[in-house]
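Novice: What follows is a predicted structure for the sequence shown.
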Amino acid sequence: MDDLTTLRDAWDRPAPPSATAHAAARAALLERASARTAGTTPRRARRFRLPRMGLRIAAVGALAVTIAAGVTVAQNLGGTDKNGHPRPVVPGLPAGSVANAQTVLAQAAENAQARPHQPPRADQWVYTETRYTSPGNPPIGKVQTSKTPLKTQIRRTWYRGDGRRSAFYDHGKLLIGPSGGGVPPVGYTSLSALPRDPDALLAWFRRQGVPGDTADERDGHVFDLLGSLLNNNGVVPPQQEATVYRAMAKISGVTLNKEALDVDGRPALAVSRVDEGWLRSEILFDRKTYAFLGERSIAVKDHTGDAGTGKSGSWTVKKGTIDVLAVRLAAGVVDKPGQRL
């Protein structure tokens, strides 16, 4: 059983996974990290994920595969138009006037550097609250469509400023444990050590055992990991945040979705890249401040995949099906784990 199978099995339950599931998922994550380093990771393993919250090349403990304080809600969002472009979550929002993805990312970089910022102390904690909406992984032999009910869970996490400790709630109990060593890194101190030049940052990520048979596939993983860095860390040093956006602008195949989106009533711009020819990964920005809002991935063509190593059967995802929608609800610095904004 791999870590994302564990997540899939746990997805239908509002309560977080048991201690046994935590241990199994952690062990599987470590095993997969070793396989990726050796270049043996199956390509389809990327599809079975809960994006960003667990998208790291190495495990950082049970927190990396746990959704804390879950609330489950069935709903339907988005879809695509006749040209394969994602529809607004709230229809009728006027389209943006920006020219391309590079324009958006350049403005996001400038605004990130200009925002008022107070770094956390090493002993403070960065709190992040994110809502994940997804149909879950497609069951073997089943077909997911844009009408498949979506389920939503809230994830609340705390990372210490130095990145050495993480915290989350499990069955009402605050659990605190070690973290660190993963890619992308977590914790303000670890992020501050990343390169400030976009080419150097891309080179750093590509040296971390990023899987893929071609340069295009590896670039797709790097794009996802850069998004994961933003999504997993509620507070990123301004210079490094700006460098992330400038690095994204240099990745091949990155485009702007000129159809405006709306995330929780907030107008958004979407910078995106299509993975493996069928799954569009989007980074969502506020259309006025260019601040990071969250992420969305959606099927832009019908796709059928196999069950995976040692299993039989297949699953199908139809065009217009949302894979996941991750919305940033809150982020900031607090003095202790468990404290919220």
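Specialist: Perfect, thanks for sending it. Since the model is a prediction, treat every value here as computed from it, not as a measurement.
Novice: ok, and for stretch 143-151, which residues are buried?
Specialist: Applying a neighbour-count criterion of 16 or more other C-beta atoms under 10 Å, one finds 144, 145, 146, 148, 150, 151 buried in stretch 143-151. Using the backbone N, CA and C atoms, a C-beta is placed for each residue, glycine as well.
Novice: Okay, and which of those residues map to strands?
Specialist: 144, 151 (DSSP state E).
Novice: now the buried residues of stretch 143-151 as a markdown table including distance to residue 328?
Specialist: Converted to a markdown table, the buried residues of stretch 143-151 look like this (distance: C-beta to C-beta, whole Å):
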| residue | distance to residue 328 |
| --- | --- |
| 144 | 25 |
| 145 | 27 |
| 146 | 24 |
| 148 | 24 |
| 150 | 18 |
| 151 | 19 |
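Novice: List just the nearest of the buried residues of stretch 143-151 to residue 175.
Specialist: Nearest to residue 175 out of the buried residues of stretch 143-151 is residue 151 (C-beta to C-beta; 23.4 Å).
Novice: Does that closest one touch residue 136 like I think?
Specialist: Yes. Using C-beta atoms under 8 Å, residue 151 is in contact with residue 136, at 6.6 Å.
Novice: nearest residue to residue 244 other than its sequence neighbours?
Specialist: residue 226 (5.2 Å; C-beta to C-beta, 6 or more residues apart in numbering).
Novice: which parts of the helix or strand that neighbour falls within are buried?
Specialist: Per DSSP states H and E, residue 226 falls inside helix 215-232. Under the neighbour-count criterion of 16+ other C-beta under 10 Å, helix 215-232 has 217, 219-232 buried.
Novice: Show residues contacting the following helix or strand past it.
Specialist: The helix or strand immediately downstream of helix 215-232 is helix 238-249, counting by DSSP H and E. Outside of helix 238-249, the residues within contact range by C-beta atoms under 8 Å, 6 or more residues apart in numbering are 101-102, 105-106, 108-110, 112-113, 115, 117, 191-192, 194-199, 201-202, 223, 226, 229-230, 236, 254, 271, 283, 292.
Novice: which of those are buried?
Specialist: 101-102, 105-106, 108-109, 112, 191-192, 194-195, 198, 201-202, 223, 226, 229-230, 236, 254, 271, 283, 292.
Novice: was I right about residue 192 contacting residue 237?
Specialist: Yes. Using C-beta under 8 Å, residue 192 is in contact with residue 237, at 4.9 Å.
Novice: one step back: roughly how far does the residue nearest to residue 244 sit from residue 202?
Specialist: Separation of residue 226 from residue 202 (C-beta to C-beta, to the nearest Å): 9 Å.
Novice: just residue 227 next, same as before
Specialist: For residue 227, the distance to residue 202 - C-beta to C-beta - is 14 Å.
Novice: Mutual contacts of those two, please.
Specialist: With C-beta under 8 Å, 6+ apart, residue 227 and residue 202 have no common neighbours.
Novice: residue ranges with poor pLDDT in the stretch 1-150 of the chain?
Specialist: The model of the stretch 1-150 of the chain has pLDDT under 70 over residues 1-98.
Novice: repeat that for 80
Specialist: Within the stretch 1-150 of the chain, the ranges that satisfy pLDDT under 80 run 1-99.
Novice: Just the ones of the buried ones among the contacts of helix 238-249 in strands?
Specialist: 271, 283, 292.
Novice: thinking the second one is in contact with residue 257, fair?
Specialist: No. With the criterion set as C-beta under 8 Å, residue 283 and residue 257 do not qualify as a contacting pair; they are 10.1 Å apart.
Novice: what touches both of those two?
Specialist: 270, 271, 272.
Novice: burial count for the residue lying closest to residue 323 once chain neighbours are set aside?
Specialist: Nearest residue to residue 323, sequence neighbours excluded (C-beta to C-beta, 6+ apart): residue 297, at 4.0 Å. Residues lying near residue 297 (other C-beta atoms under 10 Å) number 25.
Novice: you'd agree residue 297 is up against residue 278?
Specialist: No. The criterion here is C-beta under 8 Å, and residue 297 misses it with residue 278 at 10.5 Å.
Novice: In the sheet, which strands lie alongside the top strand by length along the chain, parallel or antiparallel?
Specialist: Using DSSP E to define each element, the chain has its longest strand at strand 322-334. Looking at strand 322-334 with DSSP bridges, its partner strands are strand 125-134 (antiparallel), strand 292-299 (antiparallel).
Novice: Any chance of TSV for those, columns distance to residue 207?
Specialist: Putting these into TSV (distance: least, C-beta to C-beta, whole Å) gives the following:
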stretch	distance to residue 207
strand 125-134	26
strand 292-299	24
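Novice: most packed of the ones you listed?
Specialist: The highest mean neighbour count among the strands paired with strand 322-334, using mean count of other C-beta atoms under 10 Å, belongs to strand 292-299: a mean of 26.
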